[in-house]
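Q: return atomic coordinates for the entry below.
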Amino acid sequence: MAIRNRFFQDPKQSFFLFGPRGTGKSTWLHQHFPSAHFIDLLAPDIFRSFLARPERLQEVIEGTGAETIIIDEVQKVPELLDVVHLLMERKHGLRFVLTGSSARKLKRTGVDLLAGRAIVKTMHPFMAAETADSFTLESALQTGMVPLVTESINPRETLNSYVAIYLREEVQAEGLVRNIGAFSRFLEAASFSHGSVLNIAAIARECQVQRKTVEGYLQILEDLLLSFRVPIFARRSKRILVAHPKWYYFDAGVFRSLRPSGPIDSPQEIDGAALEGLVAQHLRAWSAYRGTGELFYWRTKSGVEVDFVLYGEKEFYAIEVKNSTRVQGKMLRGLRSFCEDYPEATPVLLYRGRERLRIHNIACVPCQNFLTALSPRQTIAYAIKA
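A: Model (predicted):
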């Protein structure tokens, strides 16, 4: 994988670094901590040795004399966290970086145990601005922004095997589901909910499994960091709003690889969902790296909707995403309704055209321009105007 400058910043203390497989966690750590002692739990011999005797970690640290210890994929041996906790209390000046691509095994033990001693950070797929001049909206919509995929010789082939790797190494190996066939069907069925209000009952009917089974599958995807939910923005609500969150796969390419298509499927519909997901993953990354703002959406019971609401101490943006090269008046309906209720918000329409427009005081910005200018070093306002 080529070395690129990432927006993720060293928090200068012990920390958990979560992120899906292939997002560049290990690459970034090797780049920024060349003298650290690196323990890779994906290596079978290392995994077995620490699984059998977690306390061996103390012996390894005393033998190396390193001040920074990196444990890669720590969820493989969660018992190591007891030893880490003990060493943090006894040895001042010792720093731990604990990476993981699954939060499932750490929910009840690790993160709670080390809360306050090791903060939690996340590594996201590439942002467009991290890939410099190589970013194109068209390729991002087809193969996504996961570094493992985009930096490979054949991104399409790598993408096609990406989910299979997760199924084999995470789901099957950890015994998370009993019926891997049903889970595979669920992955496809769930792709139709990408960018939509989550309807668990509909997914259950499509997969021919119980609702509780689907709820469990969705939790597995979130624990493996393969999906996320966007809640409804209901602060100071003046209208009757829907209650359910919207749901997304974490990367537009992963969604594209799972979404079945046939003669009756509209390419425009699939492209629209991919584009909305691409914007969502960029806004999440911007918010996480900058450490400010939360992502919501807004939808009334009557169906008036705004795709994203970015709300924070200094941020209040209503963002609509349209897979169209032209701006039509009806596309602005949701933003105008939202701003009637929240005049403090800045409305933005992202579309596939090339011109910057301002209609009814709404900034209409080419999506390519917005994404390439979006950086946690700058405000959202900069990306709108750049």
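Q: can you give me every residue that contacts the nearest residue to residue 33 once chain neighbours are set aside?
A: Residue nearest to residue 33 in three dimensions, not counting chain neighbours: residue 68, with 5.5 Å by C-beta to C-beta, 6 or more residues apart in numbering. Backbone N, C-alpha and C define where each C-beta goes, glycine included. Taking C-beta atoms under 8 Å, 6 or more residues apart in numbering, we find residue 68 in contact with 33, 35-37, 95-97.
Q: just the ones of those in strands?
A: 37, 95-97 (DSSP state E).
Q: nearest to residue 207, of the contacts of residue 68?
A: residue 97 (38.4 Å; C-beta to C-beta).
Q: residues near the closest one, how many?
A: Using other C-beta atoms under 10 Å, residue 97 has 25 neighbouring residues.
Q: report the beta-bridge partners for residue 70.
A: On the basis of DSSP bridges, residue 70 is bridged to residue 38, residue 97.
Q: now the contacts of residue 68 in CSV, with pLDDT and distance to residue 212?
A: Shown next, in CSV, are the contacts of residue 68 (pLDDT from 0 to 100; distance: C-beta to C-beta, whole Å):
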residue, pLDDT, distance to residue 212
33, 95, 43
35, 93, 49
36, 95, 43
37, 95, 44
95, 94, 42
96, 95, 37
97, 96, 37
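Q: which one of these sits closest to residue 201?
A: Ranked by distance to residue 201 (C-beta to C-beta), the contacts of residue 68 are led by residue 97 at 41.7 Å.
Q: apart from its neighbours in sequence, what residue is nearest residue 103?
A: Distances taken as C-beta to C-beta, 6+ apart put residue 223 closest to residue 103, at 5.3 Å, once the chain neighbours are dropped.
Q: can you tell me the number of residues neighbouring the one you found?
A: Number of residues near residue 223 (other C-beta under 10 Å) recorded here: 20.
Q: that one and residue 278: what is the separation?
A: Residue 223 sits 23 Å away from residue 278, going by C-beta to C-beta, to the nearest Å.
Q: what's the answer for residue 166, then?
A: 20 Å.
Q: that older thread, taking the contacts of residue 68, please make a ChimeraX selection of just the buried ones.
A: To isolate the buried subset of these in ChimeraX, counting by 16 or more other C-beta atoms under 10 Å, use the following:
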select :33,36,37,95,96,97
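Q: can you pick out the most distant pair from the contacts of residue 68?
A: Largest pairwise distance in the contacts of residue 68, by C-beta to C-beta, is 14.8 Å, between 35 and 96.
Q: got a list of what residue 32 touches?
A: Contact partners of residue 32, counting by C-beta under 8 Å, 6+ apart, are residue 10.
Q: any regions of the stretch 1-150 of the chain where pLDDT drops low?
A: Residue ranges of the stretch 1-150 of the chain with pLDDT under 70: 1-2, 105, 107-113, 115-116.
Q: which residues in it form helices?
A: Secondary structure of the stretch 1-150 of the chain (DSSP state H, counting those that start in this stretch): helices at 25-32, 44-52, 56-64, 80-90, 110-113, 137-143, 147-150.
Q: packing partners of the fourth one?
A: It refers to helix 80-90. In terms of contacts (3 or more C-beta pairs under 8 Å, 6 or more residues apart in numbering; DSSP states H and E), helix 80-90 is packed against helix 56-64, strand 95-100, helix 110-113.
Q: ditto for the second one
A: In terms of contacts (3+ C-beta pairs under 8 Å, 6+ apart), helix 44-52 is packed against strand 37-40, helix 56-64.
Q: next, the buried residues of it.
A: For helix 44-52, by 16+ other C-beta under 10 Å, it's 46-47, 49-50.
Q: mind putting those into JSON lines with distance to residue 171?
A: Shown next, in JSON lines, are those (distance: C-beta to C-beta, whole Å):
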{"residue": "46", "distance to residue 171": "22"}
{"residue": "47", "distance to residue 171": "18"}
{"residue": "49", "distance to residue 171": "25"}
{"residue": "50", "distance to residue 171": "22"}
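Q: any idea which of those residues is the one closest to residue 179?
A: Among those, residue 47 lies closest to residue 179 (C-beta to C-beta), at 26.5 Å.
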